[in-house]
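>>> Please find the sequence and the predicted model below.
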Amino acid sequence: MFVKWILLLSIWQSLSASSLREEFQKTGYVEICNKTHGRETFESLYLHFDDLIDFLQKNPMWAEKLQMAKERFIRSKSRDFYGTDFFGFYDEPERSQISFYYASHFHEFIFLHYKQLQEIPEIKRFFEACLAIETAYRDLFNDTAANLGLDEIFSSTYSYPPILLKVIKYLPTYSALRPHYDGTAFSLFLDSTDNASLLLSPYKSSFTTEDFSSPTRAFSREEEQNSNLLIPGTLLKEFAIYPTPHIVTQSGNIRYATIAFGMRPNYSHQKTTFTPLPYFND
Ligand SMILES: [Fe+2]
C-alpha cells in the first residue's frame with residue numbers, strides 16, 4: 001500500500017503549481033493514475049452498495065432510522081466541518097438514480113448514537129468499505145491544495161480535509177438534461193463503470209453543448225489500477241480557480257460511479273454566479 005502511494009505521489013509531484021492551475025484552465029481536469037484502488041476495490045464496493053440498497057428498500061423502517069440519524073447529524077457541530085447537508089441515502093426513482101453520501105464523521109456519529117444501525121451487516125460492510133477508500137485520499141487533497149499554494153483552504157482542527165464520498169448507481173432510465181458545477185473545492189472522479197458517459201468542458205465565459213466531451217484517458221481501469229480525474233468545484237472562486245462543468249449522459253444501462261468531494265472546512269456557501277450551462281436535447 002505504502003509503495004503504491006509513493007508511485008501515485010511521484011506522478012502527482014511532477015506537476016508544478018503553475019501547471020496544475022494551467023491544466024485546470026486549459027482542459028478543466030488533470031488525470032491521475034491510481035495504483036491504490038482499481039476495479040477490484042470498486043466492484044466490491046458496488047456489491048456492498050447493492051446489498052445496502054436492497055436492504056433499505058425492503059426495510060423502510062431502517063431507511064427511516066438512517067434518515068433520522070442524518071437529520072440529527074446535520075444539527076451537530078460535525079456537520080459544519082463539511083459545510084453541506086448532503087449525507088446518507090438518496091433513493092430518487094424520479095431521477096433514476098440511487099446514491100449514498102458517506103463521511104467519516106457521519107459514520108462515527110451513527111455508530112455512537114444509533115448502535116442498532118451498526119449491527120446491520122449491510123450498513124456496517126458498506127460504511128467500512130467507504131472508510132477504507134475515503135482515508136486513502138486525504139493526502140491527495142492536501143497535496144493538491146499545497147501544489148496550488150492554497151494550503152490554508154483545508155486548515156481546521158483536523159489534519160485532513162472534509163471529504164464526502166459519493167457512491168452512485170444510475171438506472172437504465174436515467175437521463176440528464178443539463179451539465180452542472182460541483183459545490184466543492186475539488187472533485188475526484190475515482191471510478192466509473194462507464195467513463196465515456198462523463199462529459200466535461202474547461203470553464204468559459206459562454207457554453208454550447210459542443211464544448212462538452214469525454215476526456216481521452218492515458219490510463220485504463222484495470223484490476224489494480226484506475227484512471228482518476230480531478231476537477232475544481234465552485235468553492236475556489238476567490239483564488240481565481242473556476243469550476244469545471246460536467247454531465248453524465250444517458251446510456252440505457254446500469255452504471256456505478258464513485259466520486260470523492262473535497263469540501264472546505266467550516267465554510268458557509270457564498271452566493272456566487274458562474275456561466276450558465278446549456279441544455280442537452282436527447
Ligand atoms: Fe458532479
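Cool, got the structure.
>>> all contacts plus neighbour counts: C-alpha atoms, from now on.
Fine.
>>> who does the helix ranked longest in the chain touch, helix- and strand-wise?
Ordering each helix of the chain by length in residues (DSSP state H) puts helix 39-58 first. In terms of contacts (3 or more C-alpha pairs under 8 Å, 6 or more residues apart in numbering; DSSP states H and E), helix 39-58 is packed against helix 60-73, helix 121-135.
>>> Other residues contacting the last one?
Helix 121-135 is touched from outside by 37, 45, 48-49, 51-52, 55, 102-104, 107, 117-118, 163-165, 260, with contacts defined as C-alpha atoms under 8 Å, 6 or more residues apart in numbering.
>>> residues in contact with residue 40?
Each residue near residue 40 by C-alpha under 8 Å, 6+ apart is listed here: 222-224.
>>> Now do the buried residues in stretch 259-269.
By neighbour count with 16 or more other C-alpha atoms under 10 Å, stretch 259-269 contains the buried residues 259-266.
>>> TSV please, covering these and showing pLDDT, secondary structure and distance to residue 185.
Listed next are the buried residues of stretch 259-269 as TSV, based on pLDDT from 0 to 100; DSSP: H, G, I helix; E, B strand; the rest coil; distance: C-alpha to C-alpha, whole Å:
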residue	pLDDT	secondary structure	distance to residue 185
259	98	strand	13
260	98	strand	11
261	98	strand	8
262	97	strand	6
263	97	coil	5
264	95	coil	6
265	94	coil	10
266	89	coil	13
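>>> Name the nearest of the residues you listed relative to residue 149.
residue 264 (15.2 Å; C-alpha to C-alpha).
>>> Throw the contacts of residue 40 into TSV and include pLDDT, neighbour count and distance to residue 254, thanks.
Below are the contacts of residue 40 laid out as TSV (pLDDT from 0 to 100; neighbours: other C-alpha atoms under 10 Å; distance: C-alpha to C-alpha, whole Å):
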residue	pLDDT	neighbour count	distance to residue 254
222	92	13	19
223	92	14	20
224	90	13	23
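>>> between those residues, which is nearest residue 208?
Using C-alpha to C-alpha, the contacts of residue 40 come closest to residue 208 at residue 222, 33.6 Å.
>>> correct me, but that closest one touches residue 36?
No - using C-alpha atoms under 8 Å as the test, residue 222 is too far from residue 36 to be in contact (11.2 Å).
>>> would TSV of the helices and strands packed on helix 39-58 with mean pLDDT and mean neighbour count be doable?
Formatted as TSV, the helices and strands packed on helix 39-58 follow (pLDDT from 0 to 100; neighbours: other C-alpha atoms under 10 Å):
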stretch	mean pLDDT	mean neighbour count
helix 60-73	96	16
helix 121-135	97	18
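>>> Out of the ones you listed, flag the one nearest residue 113.
Of all these, helix 60-73 comes closest under C-alpha to C-alpha, at 8.1 Å.
>>> can you give me the strands in the stretch 51-200 of the chain?
88-92, 97-102, 163-170, 186-192, 198-200 (DSSP state E, counting those that start in this stretch).
>>> mind putting those in a markdown table, mean neighbour count and distance to residue 249 included?
A markdown table is the format used below for the strands of the stretch 51-200 of the chain (neighbours: other C-alpha atoms under 10 Å; distance: least, C-alpha to C-alpha, whole Å):
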| stretch | mean neighbour count | distance to residue 249 |
| --- | --- | --- |
| strand 88-92 | 17 | 17 |
| strand 97-102 | 21 | 13 |
| strand 163-170 | 24 | 10 |
| strand 186-192 | 24 | 13 |
| strand 198-200 | 19 | 6 |
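>>> Can you add distance to residue 250 and give the ones you listed back as JSON lines?
Listed next are the strands of the stretch 51-200 of the chain as JSON lines, based on distance: least, C-alpha to C-alpha, whole Å:
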{"stretch": "strand 88-92", "distance to residue 250": "16"}
{"stretch": "strand 97-102", "distance to residue 250": "12"}
{"stretch": "strand 163-170", "distance to residue 250": "9"}
{"stretch": "strand 186-192", "distance to residue 250": "14"}
{"stretch": "strand 198-200", "distance to residue 250": "10"}
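>>> May I see those arranged in a markdown table, with distance to residue 130 and mean pLDDT as well?
A markdown table is the format used below for those (distance: least, C-alpha to C-alpha, whole Å; pLDDT from 0 to 100):
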| stretch | distance to residue 130 | mean pLDDT |
| --- | --- | --- |
| strand 88-92 | 12 | 96 |
| strand 97-102 | 7 | 98 |
| strand 163-170 | 7 | 98 |
| strand 186-192 | 12 | 98 |
| strand 198-200 | 22 | 97 |
